[in-house]
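> okay, predicted coordinates and the sequence, questions at the end:
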Amino acid sequence: MEQAQTWVSEPYRLFQVVLSAAVFFAFIVALTRLSGKRTTANMNNFDWIITVGIGSLMATGILSRTVSMLDAAAAIAALAAMQWLTTWGVLKSKRFAQLVKPRPRLLMHDGAMLKNAMEAERVSADELKSALREAGIVRREDADWIVIETSGVLSVIQRDGLTVEQAELLDGVTVPEGVGGGDRDDRGGPEPEDEAPHGGQSGSDSR
């Protein structure tokens, strides 16, 4: 039986650990990118990976008889370096940012829920209603838009009379065809709206 190395591994083993950490970091970024924003709700992908990964590696380094502490420390350092490089790339390159980060998406327009967008993000009507209540809104017609951010958080924008094109901070948000402005989502054409808000007009009549 191979003797456990508590403190230090062989140099080749350390290189193998760092390379494995980098490969798994890239794999998990791709996996969370494909699985959607709800996987890492309230965190961006990179913070979530670091939080989960460091906790697991620390436990392994402390408790495992077959993984040395230096192996675990090297893997943690490699994950931290991958996070730093990824966030640096996001800041420097818009194309790279679009590759590794999900874009915000419009889920409600003029108080009408956009079903296709909700299905794509796996968000229910009850969750949108909860977000409205948390924003102090008790009628859907009092909200212009709800956006799911890259972190999975639902942002509620109260009605202010602006169109999507006039709302500067909606630039970069995925907007269904027919709504206007933002980064268009051309898959499947216009997204059907849910029933119009009670006591108000539908999205197509109010702008």
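That came through fine.
> could you chop the protein up by domain?
11-100, 105-206 (automatic domain parsing).
> tabulate the ones you listed in JSON lines, adding columns for mean neighbour count and mean pLDDT.
Every residue, glycine included, has its C-beta placed from N, CA and C. JSON lines is the format used below for the domains of the chain (neighbours: other CB atoms under 10 Å; pLDDT from 0 to 100):
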{"stretch": "domain 11-100", "mean neighbour count": "16", "mean pLDDT": "77"}
{"stretch": "domain 105-206", "mean neighbour count": "17", "mean pLDDT": "75"}
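> which residues touch residue 77?
Shown in contact with residue 77 (CB atoms under 8 Å, 6 or more residues apart in numbering): residue 18.
> and it, how far from residue 24?
14 Å (CB to CB, to the nearest Å).
> ditto for residue 135
For residue 135, the distance to residue 24 - CB to CB - is 38 Å.
> and what of residue 153?
For residue 153, the distance to residue 24 - CB to CB - is 26 Å.
> which parts of this protein are helices?
11-35, 45-63, 69-92, 94-100, 115-121, 125-134, 203-206 (DSSP state H).
> turn the ones you listed into TSV, including distance to residue 144.
Listed next are those as TSV, based on distance: least, CB to CB, whole Å:
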stretch	distance to residue 144
helix 11-35	29
helix 45-63	28
helix 69-92	28
helix 94-100	26
helix 115-121	15
helix 125-134	11
helix 203-206	9
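> wait, which of those helices is closest to residue 171?
helix 94-100 (12.4 Å; CB to CB).
> output the contacting helices and strands for the closest one.
Under the contact criterion of 3 or more CB pairs under 8 Å, 6 or more residues apart in numbering; DSSP states H and E, helix 94-100 touches helix 11-35, helix 69-92.
> possible to save those as TSV with distance to residue 100?
Formatted as TSV, the helices and strands packed on helix 94-100 follow (distance: least, CB to CB, whole Å):
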stretch	distance to residue 100
helix 11-35	6
helix 69-92	6
